[in-house]
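> can you look at this prediction? I've put the sequence above it.
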Amino acid sequence: MAVTLTYFGHATFGVDADGTKLLIDPFLAPNSPVAPADVTADSVEADVIILTHGHADHMADAIPVAKRTGCLVICNFEIGDWLMGQGIENVHQMHIGGGYNFDFGRVKLTIAHHGSGLPDGSYGGNPSGILIHFNDGTDVYFAGDTALTYDMRLIGDVGGVDLAALPIGDNFTMGPDDAILAAQFVKAKKVIPHHYNTFPPIEQDVEAFAQKLQDETDIECAILNPGDTLTV
Ligand code: NI
Ligand code: MN
């Protein structure tokens, strides 16, 4: 068994978990300026969508993909209600601090400090991160859009993660220096930086981030370009 991640740009990841296809925060071409052009809402594979929050750069393609595939959508309670109001029926609602065992592994929503308003202005509850304990034992943390929070230490205290996908863009989320602290708080073995260079306010030098992470910690940095795949 293995967990394979594909980066679709910005904060969107595909995960192949022993054949189950997860899609995290779908923001695909042509909506996303950085997503690979050949992966769209009409073509991306998904058995499960997981959403961190309601902002359009994390769920612009959730409804079309869910409608086309009939996939399960895992999200917070408020976004779930909103999706069901848009005709999406296969929804599993959760909330921060709660975990649930799915066929592919255990999902827990974690604290994120950010907003979660939905594209039409509806209330989207609180934002979250996603912690997944896959069936093969691999632990992956998708921080979502968040500030650095001391609560991230709790993830490290209970054993840490094999991989942490951390935003480094600054301005809307934590920036590179805080992401280095976050990587240490969650005791990540490896970090994928994301949520940078999509728009002008979040431009970052990702090579400098990787160098600083290497200089200051024992944590590996995996820089993925949109379309790149990594086996955890
Ligand atoms: Ni956001
Ligand atoms: Mn965002």
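Looks like it came in fine. Ligands and ions are numbered 1, 2, ... in the order given.

> over to the residue most central in space within the chain: give its phi and psi.
In the chain, the centroid-proximal residue (CA atoms, centre = their mean) is residue 142; its distance is 4.2 Å. With angles defined as degrees, to the nearest 10, residue 142 shows backbone torsions of phi -100, psi 110.

> quick check: bridge partners of it?
On the basis of DSSP bridges, residue 142 is bridged to residue 130, residue 165.

> quick one: contacts for it?
In this structure, residue 142 makes contact with 13, 24, 25, 50, 52, 129, 130, 131, 132, 165, judged by CB atoms under 8 Å, 6 or more residues apart in numbering. C-betas here are computed from N, CA, C, even on glycine.

> in the sheet, who's paired with the closest residue to the first one other than its chain neighbours?
Distance criterion CB to CB, 6 or more residues apart in numbering; nearest residue to residue 13, sequence neighbours excluded, is residue 24 at 4.3 Å. In this entry, residue 24 is beta-bridged to residue 13, residue 50, by DSSP bridges.

> would you mind listing what in the chain touches ligand 1?
For the chain, the residues found near ligand 1 under the criterion CB under 5 Å from the ion are 55, 145.

> got the residues of the chain near ligand 2?
By CB under 5 Å from the ion, the part of the chain that sits against ligand 2 consists of 57, 145.

> for the chain, what spans make up the strands?
With DSSP state E as the definition, the chain shows strands at residue ranges 3-7, 13-17, 20-24, 48-50, 72-76, 91-94, 99-102, 105-111, 128-134, 139-142, 161-167, 188-194, 220-221, 229-231.

> reformat these as TSV; add mean pLDDT.
Putting the strands of the chain into TSV (pLDDT from 0 to 100) gives the following:
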stretch	mean pLDDT
strand 3-7	98
strand 13-17	98
strand 20-24	98
strand 48-50	99
strand 72-76	98
strand 91-94	98
strand 99-102	98
strand 105-111	98
strand 128-134	98
strand 139-142	98
strand 161-167	98
strand 188-194	98
strand 220-221	98
strand 229-231	97
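
> residue 200: which of these is closest?
Of all the strands of the chain, the one in closest proximity to residue 200, counting by CB to CB, is strand 161-167 (16.0 Å).

> quick one: list the elements packing against that closest one.
Contact here means 3 or more CB pairs under 8 Å, 6 or more residues apart in numbering; DSSP states H and E; on that basis strand 161-167 packs against strand 139-142, helix 176-185, strand 188-194.

> got the contact list for that strand?
Taking CB under 8 Å, 6+ apart as the criterion, the residues outside strand 161-167 that touch it are 5, 11, 13, 131, 138-146, 155, 173-174, 179, 182-183, 186-196, 222, 232.

> tell me the one of the contacts of residue 142 nearest ligand 1?
Comparing the contacts of residue 142 against ligand 1 with CB to the ion picks out residue 52 as the nearest, at 7.9 Å.

> what's the neighbour count on that closest one?
A count of neighbours around residue 52, defined by other CB atoms under 10 Å, yields 27.

> same deal with the one 5 residues further on?
Look at residue 57: counted by other CB under 10 Å, it has 19 neighbours.

> that one contacts residue 28, correct?
No: using CB atoms under 8 Å, residue 57 makes no contact with residue 28, being 11.0 Å away.

> so how far is residue 85 from residue 63?
As for residue 63, its distance to residue 85 is 11 Å (criterion: CB to CB, to the nearest Å).

> and these two? Which one has more around it.
For residue 63 versus residue 85, the count of surrounding residues by other CB under 10 Å is larger for residue 63: 19 against 9.
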